[in-house]
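Q: What follows is a predicted protein model with its sequence.
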There are 2 protein chains.
Amino acid sequence: MNYLMLSVGRRGELMKDFRASMEEGSTIIATDNSPYAPALYFADKQYIVPRIDAPEYIATLLEICQKEQINAVTTVIDPEIMLLAENRERFAEIGVEVLAPYTETAKLCFDKYEMFKYLRSCGVRTAMTWGTFDEVKAALDVGEAELPVFVKPRTGSGSVGARKVFDLETLHAAFEQDPSLIAQELMTGEGCFDLDADVYVDTISHKPVSIFSKRKISTTIGGANKTISFKDEKLFSFAQEALSHFKFNGPIDADFFYKNGEYYLSEVNPRFGGAYLHAYGAGVDFIKLIERNLHGEENKIEIGNYEEGVVMMMYDSVVIKKETELAE
Amino acid sequence: MNYLMLSVGRRGELMKDFRASMEEGSTIIATDNSPYAPALYFADKQYIVPRIDAPEYIATLLEICQKEQINAVTTVIDPEIMLLAENRERFAEIGVEVLAPYTETAKLCFDKYEMFKYLRSCGVRTAMTWGTFDEVKAALDVGEAELPVFVKPRTGSGSVGARKVFDLETLHAAFEQDPSLIAQELMTGEGCFDLDADVYVDTISHKPVSIFSKRKISTTIGGANKTISFKDEKLFSFAQEALSHFKFNGPIDADFFYKNGEYYLSEVNPRFGGAYLHAYGAGVDFIKLIERNLHGEENKIEIGNYEEGVVMMMYDSVVIKKETELAE
């Protein structure tokens, strides 16, 4: 099989894990907008491509797919997911499987408030979320919300721009300044933690067939980036049910909260997550699942097929190249 | 030779480069306060030790040195440098070379204002620095300073806590809140850049015998952490002269400014710098220099013995271990 991995950036370790698992005769081609993206240099071949918002971007990708006889394409950056979803047919026409969610699902993953409303309508537990200052204010007035709340950008991934707001005045000012914000109930404190799961959603059945969950190790020494694998049937059932309301396609990274004995879906990054390295190190192999799908076979559901208590610790590695050896 | 590397933290790649260069029969032992320090797991053996401020800390290290027949000890974290310097004799008594500066030099490296005054007294170019609000105010009044200035903590490494201050009122408030601050003239803008050099100071001659210099690649794509090696005889001469006023001992990481055609010494982190990986990747090998010193031989001065235009790109790598395999 030939794979095209887009916008690889710093994801060198993912490239290595990918290659280590590919069946014989496979190749992995990487793209980035910059020749200084270290992960490029772990691919069999690399292309420097235009920015993802360039008009000729998709055409460039399709050309690479044809030239390299690509079987599947995926991206590791969020802004590119919708683009892939929207162009699924164009890739399909030349025999390329797009490992990205279908458009409606991609849209929901991109907008935290739309996601909240959708999850609510499906009866999936999620953190209470408000889309305007007036909404939070009304909820506060009737005792359905309490301060502090979390305020974050409606779009964008992870905790970028997220902050706690302690009083009404600051909250008002925040929404005045950026009406696209959302406010969310706090899911922190005693008995709460957040966790995430690497999930593979079969491209034939569209069901989660593999789930790997891990959480942060609470150590004040040496900062974050230390995680440990765990298993909980309750989480697995919740995740399977929650994710059944979407049409994902391939690897996703789902974030959850645990609060007072219950799991809540937080958000979904529908792509290989940073934690996949942990999953792989604990014996979970999405590449084999992708391969089986590409061969037209549906994967069996094998959830929780990994070891508990496996620790992942991050550190900085480097790629060294002569300037003359950089991709052009 | 047997090496003891202290507080290794996330410096896994340094451990790998170290091991790749050690002469046959050498071992490298690593310590950290936490079993979750990934770099521990690249050592031949690892010890979990008390915090560096624990009263029994040095005794613990001396015990490890004796047990493991250590020939040289060094640290990769700043707060431990003074500790090693002050205990040089105790290590020397049991035959251990301390790869850290002598006490007076260690003190200067730790305090940016003392360093400034010392460099001034030696006639070494450095950024103009003021130790109190009144000093900056006086300089502003007579036109010897101009706003904005850089404000940063007197101690501490790198750019932690550094910020530009644009007006007198904010400057006053900053010094009121934290009288240990310093203010520094801006060394940014047109024709300015900062750079750093990995320098090996011979433990016998106490002269710099190897200098590797690199600077940031100015690319807005994908953030920082992309550097390129370069050579400039003018920098090499300036660094040799500037560093001759100190008593370093082993690897150091010196930061410089370049402004209007001249080099300025900014600060020195007297330990293996993060950039050593770059130096090593470009053909500079401090481990060989350390070995020669430990064998009682002085190293020849071989400055600039590396390739220009070598690019280093950082990415995240991981160590995966079962909980039961962690160091105790």
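A: Structure received.
Q: Okay, strands next: where are they in the stretch 1-150 of chain A?
A: Remark: strands assigned in the stretch 1-150 of chain A by DSSP state E, counting those that start in this stretch are A:2-6, A:27-32, A:45-48, A:72-75, A:97-98, A:129-130, A:149-153.
Q: Rebuild those strands as CSV, extending it with distance to A:Ile204 and mean pLDDT.
A: Glycine gets a C-beta too; all of them are placed from N, C-alpha and C. Shown next, in CSV, are those (distance: least, C-beta to C-beta, whole Å; pLDDT from 0 to 100):
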stretch, distance to A:Ile204, mean pLDDT
strand A:2-6, 18, 98
strand A:27-32, 22, 98
strand A:45-48, 29, 97
strand A:72-75, 13, 98
strand A:97-98, 10, 98
strand A:129-130, 33, 96
strand A:149-153, 35, 93
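Q: Format these as JSON lines; extra columns: mean neighbour count.
A: Converted to JSON lines, the strands of the stretch 1-150 of chain A look like this (neighbours: other C-beta atoms under 10 Å in any protein chain shown):
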{"stretch": "strand A:2-6", "mean neighbour count": "25"}
{"stretch": "strand A:27-32", "mean neighbour count": "23"}
{"stretch": "strand A:45-48", "mean neighbour count": "18"}
{"stretch": "strand A:72-75", "mean neighbour count": "24"}
{"stretch": "strand A:97-98", "mean neighbour count": "22"}
{"stretch": "strand A:129-130", "mean neighbour count": "24"}
{"stretch": "strand A:149-153", "mean neighbour count": "19"}
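Q: can you put these in TSV and add distance to chain B?
A: Listed next are the strands of the stretch 1-150 of chain A as TSV, based on distance: least, C-beta to the nearest C-beta, whole Å:
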stretch	distance to chain B
strand A:2-6	14
strand A:27-32	8
strand A:45-48	11
strand A:72-75	15
strand A:97-98	24
strand A:129-130	30
strand A:149-153	19
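Q: Nearest to A:Glu262, out of those?
A: strand A:129-130 (16.7 Å; C-beta to C-beta).
Q: Direction included, what does the closest one pair against?
A: strand A:181-184 (antiparallel) (DSSP bridges).
Q: chain center to the partner strand: distance?
A: Counting by C-alpha atoms, centre = their mean, to the nearest Å, strand A:181-184 is centred 20 Å from the centre of its parent chain.
Q: What of stretch A:80-91?
A: Stretch A:80-91 has its C-alpha centroid displaced from the chain centroid by 16 Å (C-alpha atoms, centre = their mean).
Q: Give the buried residues for that stretch.
A: Of all the residues in stretch A:80-91, those buried under the rule 16 or more other C-beta atoms under 10 Å in any protein chain shown are A:Glu80, A:Ile81, A:Met82, A:Leu83, A:Leu84, A:Ala85, A:Glu86, A:Asn87, A:Arg88, A:Phe91.
Q: Please, where are all the helices along the stretch 101-250 of chain A?
A: Using DSSP state H, counting those that start in this stretch, the helices of the stretch 101-250 of chain A run over residues A:103-110, A:112-122, A:133-141, A:168-177, A:233-243.
Q: helices or strands up against the shortest one?
A: Contacting helix A:103-110 under the criterion 3 or more C-beta pairs under 8 Å, 6 or more residues apart in numbering or on different chains; DSSP states H and E are the following elements: helix A:81-86, helix A:112-122, strand A:262-269.
Q: What of the fourth one?
A: For helix A:168-177, the helices and strands in contact under the criterion 3+ C-beta pairs under 8 Å, 6+ apart are helix A:133-141, strand A:149-153, strand A:181-184.
Q: at 10 Å what do you get?
A: Helix A:168-177 is packed against helix A:133-141, strand A:149-153, strand A:163-165, strand A:181-184, with contacts defined by 3 or more C-beta pairs under 10 Å, 6 or more residues apart in numbering or on different chains; DSSP states H and E.
Q: before we move on, the earlier item: of all the buried residues of stretch A:80-91, which comes closest to chain B?
A: For the buried residues of stretch A:80-91, the closest approach to chain B (C-beta to the nearest C-beta) belongs to A:Glu80, at 14.3 Å.
Q: got the phi/psi numbers for the residue nearest to that closest one when sequence neighbours are not counted?
A: With C-beta to C-beta, 6 or more residues apart in numbering or on different chains as the criterion, A:Glu80 has its nearest non-adjacent residue at 5.2 Å, and that residue is A:Ile52. Here is the backbone geometry of A:Ile52 (degrees, to the nearest 10): phi -70, psi -20.
Q: gap between A:Ile52 and chain B?
A: Taking C-beta to the nearest C-beta, to the nearest Å as the measure, A:Ile52 falls 12 Å from chain B.
Q: doesn't A:Pro79 make contact with that residue?
A: Yes: with contacts counted by C-beta atoms under 10 Å, A:Ile52 reaches A:Pro79, the gap being 6.3 Å.
Q: shared neighbours, those two?
A: In terms of C-beta atoms under 10 Å, 6 or more residues apart in numbering or on different chains, A:Ile52 and A:Pro79 are both contacted by the residues A:Ser7.
Q: Those two: which is more packed in?
A: A direct count of neighbours by other C-beta atoms under 10 Å in any protein chain shown for A:Ile52 and A:Pro79 places A:Ile52 higher, at 18 against 14.
Q: Run the chain-centre distance for stretch A:75-84.
A: On C-alpha atoms, centre = their mean, the centre of stretch A:75-84 falls 10 Å from the chain's centre.
Q: quick one: terminal-to-terminal distance for it?
A: Taking C-alpha to C-alpha, to the nearest Å as the measure, stretch A:75-84 stretches 8 Å from start to finish.
Q: Spatially nearest residue to the residue nearest the centre of chain A, not counting backbone neighbours?
A: Nearest to the geometric centre of chain A sits A:Asn269, at 2.6 Å (C-alpha atoms, centre = their mean). In this structure, A:Asn269 finds its nearest non-sequential neighbour in A:Asp253, 4.4 Å apart by C-beta to C-beta, 6+ apart.
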